[in-house]
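Q: sequence? don't have it. structure:
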């Protein structure tokens, strides 16, 4: 495919050289950006491997844009998640893993190629950015470019939204990240909530992170997660194997002090999931955890002084027992080595979660969006 103003070839990724170009492209896009945190190349390669369990219920198509000098100047992945289309009853395909130099012609050529493939797969709409699943990386940052992303959060150049809207896309969903300095502590209502919950028979403990105990906790987290988030937008239930695989990938990163669990009569009924911001040391390893990268990672992890709160979960019938506020109190009491927290991401129309977050005093400091286009 050739654009009218810039000679660009869009081609499927089929050779080892093209694979390397695909993986290396972000270093070209972000080479002068002080806030970018490079992904681990091995993680991206694994996500897009034929061995990924996604391939048992979906399919994807990797594409790169090559200029006249045989240099990669853009990339995109089009994907069809059959679970999602079956569940929704709509023919919605995804685009993700998008990276592009600041050239609208390149962006248009990539989007057109992804759109063409999705249409050939029978899709009627294209949604993204979604890297195969909303359980992975998704959304584009549109406000808050003055600081680095926290762990497992997206980051991109400001021009991505402009290119997609110029291509004819529309905004489908908005989401926020909240920032909370921790020096001043929380309102007294959180400590009171902890006392109320404890008197009601709720028991709190940290996530177990070793051996069979970890596996048992993850299995219970999986059941609770599916009960609490059964109808999340543009998302489908993961298998327990997929959930367990992601949990194992995070096992060594967990700080039990900021991952409390709530139980009632031995049943897990809520949890607070936060992770130390490992993007601080990851920023130093330049995408490679070779022996030198591991040494740098271990050295700089000692500088971690902030965390990202990913999930605050509680079964609806226990909210009157003040469990969500109690979990927040416990995590913040035990996580006093952290100076600040990000609570992210939460959709604009998730009013219940936003009210809970805002009760802590946290303020919106980054805005993200998802997009759609009719095919």
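A: Nice, I can see it. This structure is a prediction, so every number in the text was calculated from the model and none was measured.

Q: Please name every helix or strand in contact with the helix or strand bottoming out on mean pLDDT in the chain.
A: When the helices and strands of the chain are scored by mean pLDDT, DSSP states H and E, helix 291-300 comes last with a mean of 76. In terms of contacts (3 or more CB pairs under 8 Å, 6 or more residues apart in numbering; DSSP states H and E), helix 291-300 is packed against helix 279-282. No exception for glycine: its C-beta is placed from N, CA and C like everyone else's.

Q: I figured residue 217 hits residue 210, correct?
A: No - using CB atoms under 8 Å, residue 217 makes no contact with residue 210, being 10.1 Å away.

Q: what about these two, which has more around it?
A: Per other CB atoms under 10 Å, whichever of residue 217 and residue 210 has more neighbours is residue 217, with 20 against 8.

Q: Identify each buried residue in the helix or strand containing the more buried one, please.
A: In the assignment (DSSP states H and E), residue 217 maps to helix 211-228. Residues of helix 211-228 classed as buried by neighbour count (16 or more other CB atoms under 10 Å): 214, 217-218, 221-222, 224-225, 228.

Q: same question, stretch 363-375
A: Those would be 364-373, 375, for stretch 363-375 by 16+ other CB under 10 Å.

Q: Okay, now the unreliable bits of the stretch 1-150 of the chain?
A: 1-6 (pLDDT under 70).

Q: ok, which stretches of it are helices?
A: 16-29, 41-47, 82-88, 104-120 (DSSP state H, counting those that start in this stretch).

Q: got the contact list for residue 194?
A: 322, 325-326, 329-330 (CB atoms under 8 Å, 6 or more residues apart in numbering).

Q: How about residue 21?
A: 13, 64, 66, 72.

Q: Show me the two of those that sit farthest apart.
A: Spatial extent of these (CB to CB) is set by the pair 13 and 66 at 10.7 Å.

Q: Comparing those two, which residue is more hemmed in?
A: residue 13 (20 against 17).

Q: Test my guess that the more buried one contacts residue 60.
A: No - contact criterion CB under 8 Å: residue 13 and residue 60 do not qualify, at 10.5 Å.

Q: on that earlier part again, for the contacts of residue 194, which one is nearest residue 300?
A: Relative to residue 300, and with distances defined as CB to CB, the nearest of these is residue 330, at 28.2 Å.

Q: and the closest one, which of the three is it?
A: helix (DSSP: H, G, I helix; E, B strand; the rest coil).

Q: Now do the contacts for it.
A: 194, 204, 260, 272 are the contacts of residue 330 under CB under 8 Å, 6+ apart.

Q: Can you give me the neighbour number for the third one?
A: The one in question is residue 260. Counted with other CB under 10 Å, residue 260 comes out at 24.

Q: That one bridge partners, please.
A: Counting by DSSP bridges, residue 260 forms beta bridges with residue 206.

Q: Quick check, pLDDT for it.
A: Residue 260 is assigned 96 on the pLDDT scale.

Q: Check whether it really touches residue 206, as I assumed.
A: Yes - Residue 260 is within contact range of residue 206, at 6.0 Å (criterion: CB under 8 Å).

Q: who touches both of those two?
A: residue 334.

Q: Now the closest residue to residue 215 other than its chain neighbours, what are its backbone angles?
A: The shortest distance from residue 215 to any non-neighbouring residue, by CB to CB, 6 or more residues apart in numbering, is to residue 244 (7.3 Å). Residue 244 has phi and psi values of phi -60, psi -40 when expressed as degrees, to the nearest 10.

Q: Next up, the contacts around residue 244.
A: Residue 244 makes contact with 215, 218-219, 222 under the criterion CB under 8 Å, 6+ apart.
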